[in-house]
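J.: After the sequence you'll find the predicted model.
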Amino acid sequence: MIAQFLESAKKGEPVYISTVYAAFQNLEKSWTLHCLLLPLEGKEPKYFPIKIPEFGASEATDQFVKEYVWAELYNILSSLGGRRMDIYIDDTCSELLSFVEDLKDVFNISLKRKDRQGYGRAINVIDRMLETLAPEEKGFRFTVSSLADFPELNTVPVNVKQDISIYSTVIENLANKIMCGVDVGGTDIKIVLVKDGHVHCYKEYDWFPASFTESQQLVNPICLIVRLMRAVVSLEALSSSAEKNRLNVMMGKALHISASEELMSSFCSQVETLCDGNLTEIDSLGMCFPDVVVKNKIVGGEVYKTRGIRNNPAIDYESDFKVLTDLNDRIAELLKKNGSVRIINDGPMASFTAAVEIAASDTPQMIEKGVFAHTLGTELGTGWVDERGAIPDIPLEVYNFIIDLGSYPEREYDPDDLRSVNNFNTGIPGTLQKYTSQSGIFRLAMKYFPEERPDLFAELKELGFVVESIVDGSTQFHVPTEPEDMRKPFLEHMMSLPEREDDEVNAKIWKEMGKFLAITWLETKKVLNPDADSRVIFGRLVKRKKCFDLMVEGAWSIKKDIVFEIADSTLANTKLMKELEADPHFTVAQFAQAIGAVYFANR
């Protein structure tokens, strides 16, 4: 069985972790790691039995089994975090005991944060969360005990019923308020300004945060855009004058997507001078940020957006990262006194946004089991509003899930090479970051176009989407980000091809994306076990129906009854979302998260 997995992996085929898990359940001779995870909050442990073949068949098969266990544990920790994991085994088996005791080294438990690599990056995130949620803990750890000491577990299910009124209240009492909703992504920032219960204006700003070398470079553009919104409402409150008319023209330029930071800053300064301290104040702001967020503080620090900062040898990363952690305090300085700033991860914001819109629909009962959502864009975001209506304080870094234990040839490429399956941040192969995201689409194009559609591969290079270079004597392919960031145009091009070409190769790319989403469904069900079975999908990758339909077709080839609900105009039920739907320039797919952030700020 494992020999077949290895053969597929050597051919460059994926070996899904869900397939391996199912195969290992039927083993006649096996070992089991009985894992109890003590959660970040609460006292009831979560039980994860991991069944594996006995070691000894060959070095290659033993290594495959070890990587499978590491992947299972990594997925659990990346999504749930925890204070510690207690592992109970048959300790009379020396090989198994040695393997489990080595986990502390595999996950770099004893190393300092700056020295942790690979699987250890998940421990960094957990330890930063513990500093906020459980400062009395000294850090995450594994313990190993005899199976004879395995405790009795509480198996009585907890029945809870959700009060969906929590979603209806956030859309009320917007009159006489000025609010902002911000959606921070990997390629752009989107902000919406809401005044007196109506959408007042939108702003989109392109950036490339992975190139930054200090946290201040992340903080400054976000604060500048909030300052821009304050300037907009302040200018409009002034009496008519020639100076106001001049600045109105400048405001239109500052709100354009191509506006430079210099132009936006100059506009803000001129309005602030004209107002002479009598600025119109923003009441509250909601924001989704693509990192782990606890109690409005950004605490993860291991995402692609902070890679350049993390790798900067001239700074102490932990100290510098505190600048980003305190982003909520910086923004609060731009709001009215005692104005509220509420920040969560972009995934939970997606699920919250969906829950609010469903609650306002003709079928509000659909959210009685909670809402589980994904955002498909620069990376995969994941959000969960559970059956109680709560957003759990867990990492939920599902984009880090290892779903593929195969694809060996694609492991040989550098993470920055378009063909690589290795994670940008950790170097770990097979994570969702390179499967269910724009990087996944780019990778599949590089996998199939050169041989099966060389004309389309040539077109990618002619359009400047793919650049070939020699790095350390090896050929690499990448998407240029300077002088122009080509990631968005490249993705838009790939999204247009299924209709333009109507061929099997392009259809295959999007069907495979659907297969990866189906594996994601299986893994999140196994690890998190949400009551909600459907998945609401947000993001740029589902803007085109043809692409979404192909993804659904691919997903059904893995699991026939899987349900994906696209977050498009059909999700527009609240007043603000309907105003977005009616806008001639912006779409629900683009700004739904920002609208949701306004409602989140109104909680």
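T.: Everything's here; your move. Numbers count the residues shown, from 1 in each chain.

J.: Can you get me a residue count around Asp196?
T.: By the measure other CB atoms under 10 Å, the count of residues near Asp196 is 11. C-beta: built from backbone N, CA, C; applies to glycine.

J.: gap between it and Thr280?
T.: Spatial separation of Asp196 from Thr280 under the definition CB to CB, to the nearest Å is 12 Å.

J.: ditto for Trp207
T.: Per CB to CB, Trp207 is found 27 Å from Thr280.

J.: immediately after the one helix or strand Lys578 maps to, which helix or strand?
T.: Using DSSP states H and E, the secondary-structure element containing Lys578 is helix 575-582. Elements were assigned by DSSP H and E; along the chain past helix 575-582, the next helix or strand is helix 588-601.

J.: now that following helix against helix 575-582, angle please.
T.: Following axes from the mean of the first three to the mean of the last three CA atoms, to 10 degrees, one obtains 160 degrees for the angle between helix 588-601 and helix 575-582.

J.: Of all the residues in the helix holding Lys578, which ones are buried?
T.: Leu576, Met577, Lys578, Glu579, Leu580, Glu581 (16 or more other CB atoms under 10 Å).

J.: Tell me the secondary structure of Thr375, please.
T.: For Thr375, the secondary structure call by DSSP: H, G, I helix; E, B strand; the rest coil comes out as strand.

J.: Check whether the closest residue to it other than its chain neighbours sits in a helix, strand or coil.
T.: Once its chain neighbours are removed from consideration, Thr375 has its nearest residue in Gly381; the separation is 3.6 Å (CB to CB, 6 or more residues apart in numbering). The three-state label for Gly381, taken from three-state DSSP, comes out as strand.

J.: I figured Gly381 hits Glu397, correct?
T.: No - under the criterion of CB atoms under 8 Å, Gly381 is not in contact with Glu397, lying 9.6 Å apart.

J.: Any chance of JSON lines for the buried residues of helix 575-582, columns distance to His493 and pLDDT?
T.: Listed next are those as JSON lines, based on distance: CB to CB, whole Å; pLDDT from 0 to 100:
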{"residue": "Leu576", "distance to His493": "32", "pLDDT": "97"}
{"residue": "Met577", "distance to His493": "29", "pLDDT": "97"}
{"residue": "Lys578", "distance to His493": "31", "pLDDT": "96"}
{"residue": "Glu579", "distance to His493": "30", "pLDDT": "97"}
{"residue": "Leu580", "distance to His493": "26", "pLDDT": "96"}
{"residue": "Glu581", "distance to His493": "26", "pLDDT": "94"}
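
J.: what's the farthest-apart pair in those residues?
T.: Pairwise distances among those were taken by CB to CB; the largest, 9.8 Å, belongs to Leu576 and Glu581.

J.: list the helices and strands the one helix or strand Ile509 maps to packs on?
T.: Under DSSP H and E, the secondary-structure element containing Ile509 is helix 504-527. Packing contacts for helix 504-527, counted by 3 or more CB pairs under 8 Å, 6 or more residues apart in numbering; DSSP states H and E, involve helix 17-24, helix 59-80, strand 371-376, helix 438-452, helix 487-501, strand 535-538, helix 545-556.

J.: and that helix, average pLDDT?
T.: Helix 504-527 shows an average pLDDT of 98 in the prediction.

J.: do the same with stretch 62-73
T.: Looking at stretch 62-73 alone, the average pLDDT works out to 98.

J.: just stretch 272-283 next, same as before
T.: Computed over stretch 272-283, the average pLDDT equals 95.

J.: Pull the distance from that stretch to the chain's centre.
T.: 36 Å (CA atoms, centre = their mean, to the nearest Å).

J.: now swap in stretch 484-495 and tell me
T.: Per CA atoms, centre = their mean, the centroid offset for stretch 484-495 relative to its chain is 19 Å.

J.: how's this protein carved up into domains?
T.: Following the assignment in automatic domain parsing, the chain carries domains at 2-149, 165-348, 362-572.

J.: for these, which one sits closest to Ala601?
T.: Counting by CB to CB, and looking across all of the domains of the chain, nearest comes domain 165-348 at 3.3 Å.

J.: Next, the distance between the ends of the closest one.
T.: End-to-end distance for domain 165-348: 18 Å, by CA to CA, to the nearest Å.

J.: One more: stretch 123-142?
T.: 11 Å.

J.: what pLDDT, on average, does that stretch get?
T.: For stretch 123-142, the mean per-residue pLDDT is 92.

J.: next one: stretch 189-200
T.: Confidence over stretch 189-200 (mean pLDDT, whole number) is 97.

J.: can you give me how far it is from the chain middle?
T.: Here the centre of stretch 189-200 is set off from its chain's centre by 24 Å, with CA atoms, centre = their mean.

J.: Kindly report the same for stretch 359-376.
T.: Remark: stretch 359-376 is offset 19 Å from the chain centroid, using CA atoms, centre = their mean.

J.: One more: stretch 4-14?
T.: Taking the mean of its C-alpha atoms, stretch 4-14 sits 28 Å from the chain's own mean (CA atoms, centre = their mean).

J.: Check stretch 588-600 too.
T.: Between the centre of stretch 588-600 and the centre of its host chain there is 16 Å, according to CA atoms, centre = their mean.

J.: Going by neighbour count, list what's buried in stretch 334-341.
T.: For stretch 334-341, burial by neighbour count (16+ other CB under 10 Å) applies to Leu334, Leu335, Gly339, Ser340, Val341.
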